[in-house]
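Undergrad: Please find the sequence and the predicted model below.
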Amino acid sequence: MFIVLTFALAVTGCEDRTRARRIVEPFSLVPGTPSVDPATPEVLNDPTRATDDFSVNVPRQCDAYQQVSVRKVDILWVVDSSGSMAPKQARLAANFEGFINQLAMANPPIDFHIGVISTDTDDANTRGKLRPWSIGSAGEDYISCSPAGGGGLTCNTGPDSASVVNAFGQMSAVGINGSASERGLYAAYLALTNPLNNTTQAFDRFVRPDAALYVVAVSDEDDASCSPMTRQTTCTADPGCRCAPDNALSGAGNWGSTDYFVRFFETFKGYGNADSVAFAAIVATDADPVPSQFGDPTPHVGCCRALNGGVCPTEGTNDGGLEISYTGSRYAQVAAETGGVTVSICQQDFSGALASLGYAASGLRRDFRLSRGPDVRADGGIAAGLTAYVSPADAANCTVDGNCPATTPICRGGRCARQLSVATGSVGNGATYFKCDGQNLRNTVRFEGTSVPEPLSTVEVCYAVLPTFQNSCP
């Protein structure tokens with residue numbers, strides 16, 4: 001009894017801190033007659049949110065770029081010295097003034113060097129070696145120009161741009177007795193790794209550590225370079241040597257990938273400075289059937305002009321009455337992968353091409369590569385699926401369009417910008433979308449004429465992504 005009483009007292013002496021209360025919720029009856037839907041159950045998909053069809057959920061992409069210019073640039077020209085190049089060399093020299101004018105008129109002014117080498121790497125006396133010029137008592141193996149006070153240029157060739165054109169004409173006359181195996185990429189490699197062309201003293205030699213580098217190849221035949229790590233076979237027949245161990249002159253044993261040279265150019269100024277180096281090409285961009293030069297049975301493509309004004313044949317052998325250029329796909333590939341440009345050697349007037357290259361060499365970009373494939377939606381010459389915006393460096397800040405002036409009336413990302421429609425064909429002034437350049441994939445928006453973005457401006461291209469976009473050209 002004592003034990004039971006003690007236990008009872010112990011239990012009643014503890015404070016119970018847990019409280020529970022029953023909640024009674026009001027309820028009501030829903031009027032009406034109960035029923036069951038006898039239809040077969042089905043699942044409804046919302047196609048705007050839950051679908052595996054990418055073409056329905058098309059994303060919109062906006063690519064942003066910074067338009068930059070350079071203060072110093074070293075420009076290396078690699079000119080084909082094979083037997084078919086005489087008329088092309090003449091046109092290059094005759095129209096070089098357009099290239100120089102773009103550099104001379106650049107804003108801000110540019111300090112530039114210009115050097116020339118040939119594509120011949122067989123001759124130990126010339127391969128990778130800068131060609132000299134001589135005017136009066138002056139002479140050097142490269143052209144050097146720097147901005148003069150109050151405008152203009154101060155050059156080692158003389159007091160005006162005419163002397164620069166004269167000097168370049170001498171340097172670019174590389175002759176037509178060079179190797180028939182045009183190894184322009186390898187020649188550029190040799191020139192840029194030649195200790196005689198480089199030094200730590202920036203003022204002393206051609207290649208300067210604090211300058212951008214722009215390499216331009218001019219050739220009427222594709223590149224035949226092997227990687228410096230690969231043994232070059234010995235042969236003399238057109239279309240040149242291969243990097244094949246069996247010394248084959250045709251067939252699958254070709255020159256291999258251009259990746260080595262792309263990596264070489266991209267890392268030449270050190271890792272992280274790939275934008276300081278670009279490769280450009282003046283080569284055949286056409287892919288029409290053309291005769292071979294020496295009866296090679298392999299089908300050839302490129303461009304052809306009959307010197308007698310007639311029609312070019314599409315096969316056979318060049319009897320000497322044809323001016324033929326073979327497609328420079330390897331050069332164009334390196335240009336595309338290093339951010340350079342490719343222009344056609346097939347035209348009779350090089351002035352436009354050289355002016356375009358001069359603009360590019362100044363560091364200002366006309367072509368902006370898209371990161372994805374766009375849905376162009378062509379409509380009356382306009383690529384309705386693309387829109388471009390350019391915001392100058394001095395653009396006003398904004399929160400709405402109403403904060404912006406008439407010249408840049410659109411507010412984009414807090415900055416006033418001008419909006420441009422994108423055309424599907426080349427225009428004199430404006431923006432144009434180019435998927436292909438001949439057989440080479442470009443996927444770029446090009447600004448032309450007065451629409452080229454100013455230095456330090458911000459460029460934005462917005463477009464709907466095409467899920468079926470093909471990374472190939474006809």
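TA: Nice, thanks for sending it over.

Undergrad: For V174, give me its contacts.
TA: Listed by C-beta atoms under 8 Å, 6 or more residues apart in numbering, the contact set of V174 reads V79, D80, S81, M85, Q89, V116, S118, D120, R131. Every C-beta, even on glycine, is put in place using the N, C-alpha and C of the backbone.

Undergrad: Mind telling me what element the closest residue to T338 other than its chain neighbours is part of?
TA: With sequence-adjacent residues excluded and distances taken as C-beta to C-beta, 6 or more residues apart in numbering, T338 is closest to F279, at 4.5 Å. If you go by DSSP states H and E, F279 is part of strand 277-283.

Undergrad: Next, the angle strand 277-283 makes with the helix or strand harbouring V78.
TA: Element membership for V78, per DSSP H and E: strand 72-79. Between strand 72-79 and strand 277-283, the angle comes out at 30 degrees (axes from the mean of the first three to the mean of the last three C-alpha atoms, to 10 degrees).

Undergrad: heading toward the C-terminus, what's the first helix or strand past strand 72-79?
TA: helix 86-94.

Undergrad: now for whatever helix or strand comes next after that next one, which elements pack on it?
TA: Next helix or strand after helix 86-94 toward the C-terminus (DSSP H and E): helix 96-104. The contact analysis (3 or more C-beta pairs under 8 Å, 6 or more residues apart in numbering; DSSP states H and E) places helix 96-104 against helix 161-172, helix 351-361.

Undergrad: pLDDT on the last one, on average?
TA: Regarding helix 351-361, the rounded mean pLDDT is 78.

Undergrad: Likewise for the first one?
TA: For helix 161-172, the mean pLDDT works out to 91.

Undergrad: who does the strand holding F279 pair up with?
TA: strand 212-218 (parallel), strand 342-344 (parallel) (DSSP bridges).

Undergrad: that older thread, just put the helices and strands packed on helix 96-104 in TSV and tack on distance to N397.
TA: Below are the helices and strands packed on helix 96-104 laid out as TSV (distance: least, C-beta to C-beta, whole Å):
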stretch	distance to N397
helix 161-172	40
helix 351-361	30
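
Undergrad: show me where pLDDT drops low in the stretch 51-200 of the chain?
TA: 51-57, 69, 196-200 (pLDDT under 70).

Undergrad: Return the distance of T327 relative to T458.
TA: Plainly put, T327 is 36 Å away from T458 if you go by C-beta to C-beta, to the nearest Å.

Undergrad: neighbour count winner among these two?
TA: Taking other C-beta atoms under 10 Å, T327 and T458 do not tie; T327 has more neighbours (24 against 19).

Undergrad: That one touches P289, doesn't it?
TA: No - contact between T327 and P289 fails when scored by C-beta atoms under 8 Å: they sit 10.9 Å apart.

Undergrad: Any buried residues in stretch 141-150, and which?
TA: D141, Y142, I143, S144, C145, P147 (16 or more other C-beta atoms under 10 Å).

Undergrad: tell me the contacts of the spatially closest residue to the second one that is not a sequence neighbour?
TA: Same thing as Y142. Spatial nearest neighbour of Y142, chain neighbours left out: G115 (4.1 Å); criterion: C-beta to C-beta, 6+ apart. Shown in contact with G115 (C-beta under 8 Å, 6+ apart): 74-77, 130-131, 141-143, 171, 191, 197, 206.

Undergrad: What is the neighbour count of the closest residue to G328 other than its chain neighbours?
TA: Closest residue to G328 apart from its sequence neighbours, by C-beta to C-beta, 6+ apart: V283 at 2.7 Å. V283: 31 surrounding residues under other C-beta under 10 Å.

Undergrad: List the contacts of the closest residue to F268 other than its chain neighbours.
TA: Once flanking residues are discounted, F268 sits nearest to V277: 5.2 Å by C-beta to C-beta, 6+ apart. Counting by C-beta under 8 Å, 6+ apart, V277 touches A212, L213, Y214, V215, F265, E266, F268, K269, T338.

Undergrad: Now for the first one, how many residues are close by?
TA: Neighbours of A212 under the rule other C-beta under 10 Å: 24.

Undergrad: which ones are touching it?
TA: V70, K72, V73, D74, K269, S276, V277, A278, G363.

Undergrad: For ChimeraX, what selects the buried ones among those residues?
TA: Buried residues within the contacts of A212, by 16+ other C-beta under 10 Å, are selected in ChimeraX with:
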select :70,72,73,74,269,276,277,278,363
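
Undergrad: Can you pull the domain assignment for the protein?
TA: 72-287+327-365, 369-464 (automatic domain parsing).
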